[in-house]
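S.K.: Need coordinates for the below:
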Amino acid sequence: EVQLVESGGGLVQTGGSLRLSCAASGFTFDDYAIGWFRQAPGKGREGVSCISNSDGSTYYADSVKGRFTISSDNAKTTVYLQMNSLRPEDTAVYYCRGWGINGNDYWGQGTQVTVSS
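M.R.: Numbering: from 1, shown residues only. Now for the predicted structure:
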């Protein structure tokens, strides 16, 4: 059974930090890219960051560059999103997504991040 399980969300003050985790199982981790997406109330889902587990290349949305860092532990099949200097506009449900070279596409259930001003 394929699973992507997010954890690490919570309530933090402006300027604070959180580390999200996405624990993956049920598929060949090295053949997938794993990304973080978020959806704020009343808005569409947007891409935040992603990492290729095959070559380690990364992508960041302009809104999080310099503040967020994505990393992958292939031995633990877990992807992390370190979020620093958090802002109220970062408040959203954060989702983990895995997509593979075979076209498979999986989503986690999401974890809430709330940044208070």
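S.K.: What residues does the spatially most central residue of the chain make contact with?
M.R.: Centroid-nearest residue in the chain, with CA atoms, centre = their mean: residue 36, separated by 2.8 Å. Going by CB atoms under 8 Å, 6 or more residues apart in numbering, residue 36 touches 20, 22, 47-50, 70, 79, 81, 94-97. Every residue, glycine included, has its C-beta placed from N, CA and C.
S.K.: quick one: residue 25 and residue 62, what's the gap?
M.R.: Taking CB to CB, to the nearest Å as the measure, residue 25 falls 32 Å from residue 62.
S.K.: who's more crowded, those two?
M.R.: Using other CB atoms under 10 Å, the more surrounded residue of residue 25 and residue 62 is residue 25, with 12 against 6.
S.K.: Can you check what pLDDT the model gives residue 6?
M.R.: The per-residue pLDDT reported for residue 6 equals 97.
S.K.: ok so, going back, if you rank the contacts of residue 36 by neighbours, which is first?
M.R.: residue 79 (29 neighbours).
S.K.: rewinding a little: check the residue nearest to the centre of the chain and give its pLDDT.
M.R.: Value listed for residue 36 in the pLDDT field: 98.
S.K.: which element is it on?
M.R.: Element membership for residue 36, per DSSP states H and E: strand 32-39.
S.K.: in its sheet, what does that strand sit against?
M.R.: Paired neighbours of strand 32-39 in the sheet (DSSP bridges): strand 45-52 (antiparallel), strand 92-100 (antiparallel).
S.K.: out of the ones you listed, nearest to residue 6?
M.R.: Of all the strands paired with strand 32-39, strand 92-100 sits nearest to residue 6, with 5.0 Å by CB to CB.
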